[in-house]
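Student: Pasting the sequence and the predicted model now:
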Amino acid sequence: MIQKHRHENLTNQELLDRYYLDGDLEWLGILFPRFTMLLYGLCFKYLRNEEEAKDAVQQVYLKAIPELAKYKVTYIKSWLYMIAKNYCLMQLRGSANRPVELTAAYAVNGDEEEEKKLAIEKENDLEALENAISGLNREQQLCITLFYLKKKSYHQVSEETGFSLMQVKSHIQNGKRNLKLILSRGQNER
């Protein structure tokens, strides 16, 4: 009991590192519940149904376990978030093929339809950006993520990474340029 309580005080990264070290699912059993409410909220936002959202969170965890065994994940929270978002979008796309009884609650006017299209486009753009970030080298990926996504200052990024301020600025500048190239290449392939 004392042993387990001590492990619950470990950071997310420490738990993930221990999982990668010995493959023991107990570490994920401590780690995953920390994200359940976040994932439930996201799934509920998309699916608009409590039971479906709860099921979706379980499906996300079931999908994440074998994926974690195959890939080294650095930012577990954002990685799980992306899996959940993609799962929900796939559920919604799948439900688009099923007949739906229209009621006043589900009636969609032109403005709401346009908002839905814009939201899907935004999600696609964010997904493309995340994929592009994964195409950067490790240093650029780290600096871009900390500076833009985690909203850290140059100084905080420097302290956290051990890079000098000039290196941080260089990695961010080069990372931005490379992101533009990767994203424009992706646009041309469409």
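Tutor: Received, thanks. None of these values were measured; they are calculated from a predicted model.
Student: now the protein, which segments are flagged as low pLDDT?
Tutor: When the per-residue scores of the chain are filtered using pLDDT under 70, the ranges that remain are 1-6, 95-116, 118-119, 187-190.
Student: got the residue ranges for the helices in the protein?
Tutor: For the chain, helices defined by DSSP state H occupy the ranges 2-8, 12-22, 25-31, 36-47, 50-70, 76-95, 110-134, 138-144, 154-161, 165-189.
Student: Please convert those to CSV, extending it with mean neighbour count.
Tutor: Every C-beta, even on glycine, is put in place using the N, C-alpha and C of the backbone. Formatted as CSV, the helices of the chain follow (neighbours: other C-beta atoms under 10 Å):
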stretch, mean neighbour count
helix 2-8, 9
helix 12-22, 15
helix 25-31, 17
helix 36-47, 17
helix 50-70, 15
helix 76-95, 16
helix 110-134, 12
helix 138-144, 19
helix 154-161, 16
helix 165-189, 15
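Student: Nearest residue to residue 23 in space, please, no chain neighbours.
Tutor: residue 69 (7.2 Å; C-beta to C-beta, 6 or more residues apart in numbering).
Student: which residues touch residue 35?
Tutor: 76-77, 80 (C-beta atoms under 8 Å, 6 or more residues apart in numbering).
Student: again, only this time at 10 Å
Tutor: Contacts for residue 35 were tallied using C-beta atoms under 10 Å, 6 or more residues apart in numbering; they are 12, 42, 57, 60-61, 64, 76-77, 79-81, 84.
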